[in-house]
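Enquirer: here is a sequence with its predicted model. Questions after.
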Amino acid sequence: MEQETNTSPDSGHAADWHIPVLLEPILEHARRVCEQKSAPLLVDGTLGDGGHCLALLRALPGARYIGFDQDAHMLERAGRRLMAAGLAVRAPIRATDRIALPEPGGVQLVHGRFDSISTCLSVSNLAADWVLLDLGVSMFHFRSAGRGFSYTDEKLDMRLDFARNETAAQWLNSANQTEIERVIREYGEERFAGRIARRICENRPLESARQLADIVRRVYPPGQRLHPATRTFQAIRIHVNDEMSVLQKALDSIPDILAVNGALAVISFHSLEDRPVKQVFRKLAGPRQHRNKYGREEQESRSERRPFEILTPAPILPDAAECGRNPAARSAKLRILRRLIDNNNT
Ligand SMILES: C[S@@+](CC[C@H](N)C(=O)[O-])C[C@H]1O[C@@H](n2cnc3c(N)ncnc32)[C@H](O)[C@@H]1O
């Protein structure tokens, strides 16, 4: 495979590609999980700029890659980058379309949310050897998407997929104060949620991201370490894109997407995302409950094989060197779950 030479992001600066987080542990685990397979199927639920994809295909050159993103612009950027690196890239399909397996070393792009990975694979009777979810948005969204993710004079939109849901401005201008407060408190873990929601309602209609950032800034006492609007913007982005229910649905579909010996790796960036990942992993890898002949719940005997195992008893965190190189990696946590047996056949 060629090195990247003749392509750069929209800005024209190659340094603007999203820097893939926790790349070394991802590559190490993917190699180990896929070592017995000559042409493993890798599924990336969050292709973004394709940084993990490029590195994984360099580490596993015989792998076939399916890359999802719900943002059509990201698929266009990643497609351009991957083709320039010499990969055979197929134009985006939808998750409900029948998929023809890409050739070894090739990539099939899919425009869709990662909770539709199970639909996509089942339509074509496929199971994945490696699945990656690198949650959240990419540096492109913060720096240059112009969709209201940064605190500047951008339209307050925040949608990743334009075909879905209302914009952040439409929602903030129509929801009631209690609902806005709930979202900011729940998804932003924001202690000033009540005051922020009240000020938002007093200052409607909101149009730009700067207006929202200024409202939040005026609520906060001066001298904060984080930008005061960080938590509020995160909360509204999560709400607008339905992020928590999409994540839960994807986690619930793990038994439908992983091949035997296949693994799912999830990189999360805050406790709201990490909590359901940890819970579902523990549930799938924990002792199974049976009903005994009297109808009582009993745990499986020790000799029974569990269908899943957790490969990361504690989450893998970036080291100081990675955080120095890429401050966006600071809060990342990587958890990996592996399927051991087909529990439908036990
Ligand atoms: C953190 S970036 C991924 C970066 C990527 N791993 C790389 O190395 O370039 C997350 C990407 O996932 C996409 N995304 C977020 N939520 C998604 C979802 N539920 N389904 C599909 N794509 C999603 C975003 O549009 C963004 O491009």
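Expert: Nice, thanks for sending it over. Given the structure is predicted, the values throughout are model-derived calculations rather than measurements. Numbering: from 1, shown residues only.

Enquirer: up against the ligand, what does the stretch 151-300 of the chain have?
Expert: By the criterion of CB under 6 Å from any ligand atom, the positions of the stretch 151-300 of the chain lying close to the ligand are Leu160, Val246. All C-beta spots, glycine's among them, are computed from the backbone N, C-alpha and C.

Enquirer: then stretch 25-43 to PDB, C-alphas only?
Expert: Listed in PDB are the C-alpha atoms of stretch 25-43, where the atom choice follows Å, rounded to 0.1, in the frame of the first residue of the first chain:
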ATOM      1  CA  PRO A  25      -3.500  -0.800  21.500                       C
ATOM      2  CA  ILE A  26      -6.100  -0.900  18.800                       C
ATOM      3  CA  LEU A  27      -3.600  -2.400  16.300                       C
ATOM      4  CA  GLU A  28      -2.100  -4.800  18.800                       C
ATOM      5  CA  HIS A  29      -5.500  -6.200  19.800                       C
ATOM      6  CA  ALA A  30      -6.900  -6.300  16.200                       C
ATOM      7  CA  ARG A  31      -3.700  -8.200  15.100                       C
ATOM      8  CA  ARG A  32      -4.200 -10.700  17.900                       C
ATOM      9  CA  VAL A  33      -7.900 -11.200  17.400                       C
ATOM     10  CA  CYS A  34      -7.500 -11.600  13.600                       C
ATOM     11  CA  GLU A  35      -4.200 -13.600  13.500                       C
ATOM     12  CA  GLN A  36      -5.900 -16.900  12.600                       C
ATOM     13  CA  LYS A  37      -7.800 -15.400   9.600                       C
ATOM     14  CA  SER A  38      -6.400 -14.700   6.200                       C
ATOM     15  CA  ALA A  39      -9.100 -12.200   5.100                       C
ATOM     16  CA  PRO A  40     -10.800 -11.000   8.300                       C
ATOM     17  CA  LEU A  41     -13.800  -8.700   8.000                       C
ATOM     18  CA  LEU A  42     -13.300  -5.400   9.900                       C
ATOM     19  CA  VAL A  43     -16.200  -3.100  10.500                       C
END
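
Enquirer: which ones are touching Ile254?
Expert: By CB atoms under 8 Å, 6 or more residues apart in numbering, the contact set of Ile254 is Leu264, Val280, Leu284, Phe308, Leu337, Arg339.

Enquirer: scratch that, Val21 is what I was asking about
Expert: By CB under 8 Å, 6+ apart, the contact list for Val21 reads Asp134, Ile267, Pro318, Glu322, Asn326, Ala328, Ala329, Ala332.

Enquirer: and of the contacts of Ile254, the nearest to the ligand?
Expert: Using CB to the nearest ligand atom, Leu264 comes nearest to the ligand of the contacts of Ile254, at 14.3 Å.

Enquirer: just to revisit the earlier point, report the two of the contacts of Ile254 separated the most.
Expert: Checked with CB to CB, those reach their widest spread between Val280 and Arg339, with 13.2 Å between them.

Enquirer: between the two, who's got more neighbours?
Expert: Comparing Val280 with Arg339 by other CB atoms under 10 Å, the one with more neighbours is Arg339, at 25 against 21.

Enquirer: returning to what we had before: make TSV out of the contacts of Ile254 and add pLDDT.
Expert: Below are these laid out as TSV (pLDDT from 0 to 100):
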residue	pLDDT
Leu264	98
Val280	98
Leu284	96
Phe308	97
Leu337	98
Arg339	97
